[in-house]
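*Asks:* Quick one, structure for this:
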Amino acid sequence: MSAKSINSRLPPEVNRILYVRNLPFKITSEELYQIFGKYGAVYQIRLGERGRDTKGTAFVVYEDIYDAKRACDHLSGFNVGGRYLVVMYYQPAKFERRANAEEKKKELEELRRQVKAKKQQIANNNANQAE
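*Replies:* Model (predicted):
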């Protein structure tokens, strides 16, 4: 009996794309292919950029959903270069919410800066009028 016939119903969050966090910053995509390739055919690996806040992360895309599930089950908590991997299924809605939250945070910071500048301007005007 194959693994596919034993577990034919997968949870809804399971998909072919894994999101990997807490990677060593010096890891190469070849090393990731060696690690993740043990669980099935890897279609693509995209490493986060070193100069941005995505360093230490990667997306691993498998050919088959069952291979992705096995990799996620076995590699979450796996020690690579002294760091424990955090492996989870890519959930586009969650990433979109996070991007929206960061955008709103930047907008809020800009509004706060504007309010602070306006308050300073009002205080300066009041000080000038009192003289």
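*Asks:* From now on I want contacts and neighbour counts done on CA atoms only, so please keep to that.
*Replies:* OK.
*Asks:* The protein: helices as residue ranges?
*Replies:* 3-6, 29-36, 65-75, 92-130 (DSSP state H).
*Asks:* Nearest to Tyr84, out of the ones you listed?
*Replies:* Of all the helices of the chain, helix 65-75 sits nearest to Tyr84, with 9.1 Å by Cα to Cα.
*Asks:* same for that closest one, what does it pack against?
*Replies:* In terms of contacts (3 or more Cα pairs under 8 Å, 6 or more residues apart in numbering; DSSP states H and E), helix 65-75 is packed against strand 17-21, strand 86-89.
*Asks:* now the ones you listed as JSON lines including mean neighbour count, distance to Gln120 and mean pLDDT?
*Replies:* Formatted as JSON lines, those follow (neighbours: other Cα atoms under 10 Å; distance: least, Cα to Cα, whole Å; pLDDT from 0 to 100):
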{"stretch": "strand 17-21", "mean neighbour count": "21", "distance to Gln120": "43", "mean pLDDT": "93"}
{"stretch": "strand 86-89", "mean neighbour count": "20", "distance to Gln120": "46", "mean pLDDT": "92"}
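*Asks:* can you tell which of those strands is closest to Thr54?
*Replies:* strand 17-21 (9.0 Å).
*Asks:* Give me the sheet partners of that closest one and which way each runs.
*Replies:* Using DSSP bridges, strand 17-21 pairs in its sheet with strand 58-62 (antiparallel), strand 86-89 (antiparallel).
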